[in-house]
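Undergrad: What follows is a predicted structure for the sequence shown.
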Amino acid sequence: MTGLPTAAAARAGRFAGRVALVTGGARNIGLAIAVRLAEEGAAIAVNGPDEQEAEAAAAALRDGGARAIACPGDVSDPAQVDACVARAVETLGGLDLLVNNAAAAMLGRGRLLDLDPADWDRSFAVNARGTLLCTIAAARVMPAGSAIVNISSVGATRAHRSAVAYDASKGAVEATTRATALELAPMGIRVNAVAPGPVINDRYELLGAAQKRARFQPVPLGRMGDGSDVAAAVAFLASADASFITGQVLTVDGGLTAQIRPPGTDSSLDSPAPAPTDAGQL
């Protein structure tokens, strides 16, 4: 059979004429998302707390042929959020897609009983408050048919060790996703979330080989996720292919949360069942 478009060709231009704001878009998952949306035709506003990083990411996108600007700022500050959205609208001609990716990780910060309240406050300021503020500012200028995608975490529904502030804030992100989806549906704006599992980032690259294996050993698909895996899920939820999907969370974790226990944690569950015998059978 000939003449059928490839998947890549079918996606090309999917976001042509659309403008996307990606918070935390200067590196790691956020940069992968910005690259994917740009490859599919979107103009990109790159937000990040570091002005030089945001400018460098926007420049790299422009070098790749995209329209892109930087709008650095703190997503927990309403004035800076409003300024970023206004810059995107004024410079790029509107705003159709918002990806709330900016996050304060606060992972492995110590035991619960030693929790610094400042870590809790920072997690909620960036992860929960930032998501809400950006959603409100964007929704005020978005036309019908727009989409918002929040980046959550498997930690919203499965606890990390020593990360109560982070996990709780991501739980708030998912609750906010559902609540804002209902509020914005009459305006024709969809809101969904992606919950990544273990994903390669700057910190992962600093680990030794044994530590890296330990990170992906519990993952049924046998590897770490990549930023492009998350970006693909975001692109789907932002696209017209997901036009009847809102208020949902798409987990991208290689099957990590599908299992009762990770491999090796309970030999009675990981080992094959004993061969049946006649003794004791009913």
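TA: It's in.

Undergrad: wouldn't Thr131 be in contact with Asn101 here?
TA: No: between Thr131 and Asn101 there is no contact under CB atoms under 8 Å: 9.4 Å. From N, CA and C alone the C-beta is placed, and that goes for glycine too.

Undergrad: shared neighbours of those two, anything?
TA: Common neighbours of Thr131 and Asn101 are not found (criterion: CB atoms under 8 Å, 6 or more residues apart in numbering).

Undergrad: can you give me the strands for the stretch 1-150 of the chain?
TA: Secondary structure of the stretch 1-150 of the chain (DSSP state E, counting those that start in this stretch): strands at 19-22, 43-46, 68-70, 97-100, 147-151.

Undergrad: Mean neighbour count for the ones you listed - can I get that in TSV?
TA: TSV is the format used below for the strands of the stretch 1-150 of the chain (neighbours: other CB atoms under 10 Å):
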stretch	mean neighbour count
strand 19-22	30
strand 43-46	29
strand 68-70	24
strand 97-100	29
strand 147-151	27
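
Undergrad: got those strands as CSV, with mean pLDDT and distance to Leu61 columns?
TA: Converted to CSV, those look like this (pLDDT from 0 to 100; distance: least, CB to CB, whole Å):
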stretch, mean pLDDT, distance to Leu61
strand 19-22, 99, 10
strand 43-46, 99, 6
strand 68-70, 99, 4
strand 97-100, 99, 14
strand 147-151, 99, 18
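
Undergrad: Mind putting these into TSV with distance to Val199?
TA: As requested, those are exported to TSV (distance: least, CB to CB, whole Å):
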stretch	distance to Val199
strand 19-22	16
strand 43-46	19
strand 68-70	23
strand 97-100	15
strand 147-151	10
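
Undergrad: Give me the nearest residue to Phe236, chain neighbours excluded.
TA: Leaving aside its chain neighbours, Phe236 sits nearest to Ala242 (5.8 Å; criterion: CB to CB, 6 or more residues apart in numbering).

Undergrad: hang on, the one you found packs against Val194?
TA: No: taking contacts as CB under 8 Å, Ala242 lies outside contact range of Val194: 11.4 Å.

Undergrad: Mind checking which of these two has more residues around it?
TA: In terms of neighbours (other CB atoms under 10 Å), Val194 is the more surrounded of Ala242 and Val194; the figures are 27 against 18.

Undergrad: Distance of Glu55 relative to Arg62?
TA: 10 Å (CB to CB, to the nearest Å).

Undergrad: Over to Met142?
TA: For Met142, the distance to Arg62 - CB to CB - is 24 Å.

Undergrad: Among those two, which residue is more densely surrounded?
TA: Between Met142 and Arg62, counted using other CB under 10 Å, the more crowded position is Met142 (24 against 14).

Undergrad: What mean pLDDT does the helix or strand containing Leu237 get?
TA: Taking DSSP states H and E as the criterion, Leu237 maps to helix 227-238. On average, the pLDDT along helix 227-238 is 98.

Undergrad: And stretch 71-82, by the same measure?
TA: Computed over stretch 71-82, the mean pLDDT rounds to 98.

Undergrad: just stretch 128-136 next, same as before
TA: 99.

Undergrad: what sits up against that stretch?
TA: Identification of contacts with stretch 128-136 by CB under 8 Å, 6+ apart yields 21, 23, 74-78, 81, 85, 98, 100, 102, 148, 150, 169, 172-173, 176, 180, 191.

Undergrad: and if we set it to 7 Å?
TA: Contact partners of stretch 128-136, identified using CB atoms under 7 Å, 6 or more residues apart in numbering, comprise 23, 75-76, 78, 81, 98, 100, 102, 148, 150, 169, 172-173, 176, 180.
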